[in-house]
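**Student:** Next comes the sequence, and after it the predicted model I'd like to discuss.
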Amino acid sequence: MATTLQPQTGAKPATSLTNEEVLRYSRHLIMPEVGMEGQLKLKNAKVLLIGTGGLGAPLGLYLAAAGVGRLGLVDFDVVDFTNLQRQVTFGTSDVGKFKSEAARERLSNLNPNIQIDAFETKLTSDNALELFRDFDIIVDGTDNFPTRYLVNDASILLGKPNVYGSIFRFEGQATVFGMPEGPCYRCLYPEPPPPGLVPSCAEGGVLGVLPGIVGSIQAMETIKLILGSGDSLAGRLLLFDALGMKFRELKLRKNPNCPMCGEHRTINKLIDYYEFCGVRGEEAPGPDVQVPEITPRELKSRLDRGDDLFILDVREPHEFQICNLKGHLIPLGELPRRVHELDSSREIVAHCRSGKRSAEAVDFLRKAGFRKILNLKGGILAWSDEVDPSVPKY
Amino acid sequence: MSVKVMIPTPLRIYAGKRDSAEFSAATVGEALGGLTTQFAELRKHLYTEDGKLRAFVNVYLNDEDIRYLAKENTPTKDGDTISIIPSIAGGSSEKR
């Protein structure tokens, strides 16, 4: 489904390359599939990257290197130490900087011939249409359901292709939504999963190379759209299993009854996507359970006093290997069938990494009749901050 | 008739960490029934309380979406592969 994009109105399109650009892009120029004509299409193209994280890293690097003339980078987040394992745009010295700005600096250094706009903002229903309007192609490198539906709806309302990629642990998905005859994200996933039904937390994490591969596939699809060559992934969902090293593809059909891109559109404006996804507040919170708590300092002084406390660790075994408080390990998911390992007559302190999973464990055990049970407030993270900094945070 | 059901990563913890399972089934629905009988915890992730497949769960027979076939009544033949395709959003490695 090769489609030529309509050039945006406004600034005059470039009709030539400088000598420096000819040299820089020579490995493109000597390929008949790109050539001078294709390189000028790249130079005149405007691509908006939503997210400059794991997927955004290879996207930004390859699209800048390829000479895409204008790149927009939307990200409100700052570079975190844990990002460096996969977000290869950033260096250690970027920790603490705004991602969009750190990425802009890196990409400008890579290719000073292109225009790079950093938007240090969260993409919202209020700003999405305005941000998207100046660009030809939208690339979705976000990490949450509300933003994915927002990116989809805004790109459909403006008639712009949406190059999609998504990852989970060691599996990836990629396709192109929003082509005139092609399906959109809502054709594939009419409804978001309710929070809590898709495991995300203890089972989370991602192999650092995976977003590199999936983001590179998105970069390739973006460039093919700009060049108007090859077979687009539009209408096909590419599935990648990194452990099995297998690529599969499934047919994606445009749903004639799709409320967004179907024959009778019923969604005509952007909505509240957090509400739509059943998420209240900014981030997807776990169930907010109120349970009795103990602070790390209180726990420390009670242990020092020699109180008889049973420490219950509800994290996963691989987390226990990173660091532990010498507790008894029963992962949250196994608690219901291993509850007999606990003695309800003893005082129990449950903990996890941050205190959320253990709050659920405490809530569950209280409902199961346990009375002397406390949640370690803030989990191992707080223990490391307040009691024992030799315990690593992760 | 043996049909292979591919279990996606996010649901494997409810399926004894298996990545696939084989069932003797004449339709897609029968195969999924076999799956959720063997792994009861999977049921609530695939079906609503009134027994309908959840809207965010996509089921494919080979490379075709069963919504465009006969849904759960789609007949299967020996050697077919059923894939469950959940929505994934990452990016993130949200931890708690």
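**Tutor:** Received it, and whenever you're ready, just let me know what you need.
**Student:** Tell me where the model's unsure across the chain.
**Tutor:** The chain I'm using is chain A. A:1-10, A:196-204, A:280-289 (pLDDT under 70).
**Student:** Chain B was what I was after
**Tutor:** Ranges of chain B meeting pLDDT under 70: B:91-96.
**Student:** How about the residues of it by chain A?
**Tutor:** Contact residues, chain B versus chain A (CB under 8 Å from any CB of the partner chain): B:8-10, B:13, B:19, B:44-45, B:54-56, B:58, B:60, B:63-65, B:67-68, B:83, B:85-96. C-beta: built from backbone N, CA, C; applies to glycine.
**Student:** Return the subset of the residues you listed lying in helices.
**Tutor:** Among these, DSSP state H puts B:44-45 in helices.
**Student:** any idea how far the residue most central in space within chain B is from residue B:66?
**Tutor:** Chain B has residue B:84 as the residue nearest its centroid, 3.9 Å off, counting by CA atoms, centre = their mean. Distance, residue B:84 to residue B:66, by CB to CB, to the nearest Å: 11 Å.
**Student:** Ok, residue A:242 next?
**Tutor:** The gap separating residue A:242 from residue B:66 is 26 Å, by CB to CB.
**Student:** With residue A:234 instead?
**Tutor:** In terms of CB to CB, residue A:234 sits 21 Å off from residue B:66.
**Student:** Between the two, point out the one with more neighbours.
**Tutor:** Neighbour tally, residue A:234 and residue B:66, criterion other CB atoms under 10 Å in any protein chain shown: the higher count belongs to residue A:234, 24 against 20.
**Student:** Can you classify that one by secondary structure?
**Tutor:** coil (DSSP: H, G, I helix; E, B strand; the rest coil).
**Student:** and it, what does it touch?
**Tutor:** A:1, A:161, A:175-177, A:179, A:182-183 (CB atoms under 8 Å, 6 or more residues apart in numbering or on different chains).
**Student:** Mind giving me the PyMOL select for these, buried ones only?
**Tutor:** Of these, the buried ones go into a single PyMOL selection, burial set by 16 or more other CB atoms under 10 Å in any protein chain shown:
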select buried, chain A and resi 161+175+176+177+179+182+183
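**Student:** which helix in chain B runs the most residues?
**Tutor:** If you go by DSSP H, chain B has its longest helix at helix B:28-38.
**Student:** Check which helices and strands that helix is in contact with.
**Tutor:** Helices and strands touching helix B:28-38, by 3 or more CB pairs under 8 Å, 6 or more residues apart in numbering or on different chains; DSSP states H and E, are strand B:2-6, strand B:20-24, helix B:43-46, strand B:57-61, strand B:81-86.
**Student:** in its sheet, what does the last one sit against?
**Tutor:** It stands for strand B:81-86. Strand pairing for strand B:81-86, determined by DSSP bridges: strand B:2-6 (parallel), strand B:57-61 (antiparallel).
**Student:** Other residues contacting the last one?
**Tutor:** Applying CB under 8 Å, 6+ apart, the contact partners of strand B:57-61 are A:188-189, A:250, B:28, B:32, B:45-46, B:53, B:65-67, B:69, B:72, B:74, B:76, B:80-86.
**Student:** are any of the residues you listed buried, and which?
**Tutor:** Buried members of these, scored by 16+ other CB under 10 Å, are A:188-189, A:250, B:28, B:32, B:45-46, B:53, B:65-67, B:69, B:72, B:74, B:76, B:80-86.
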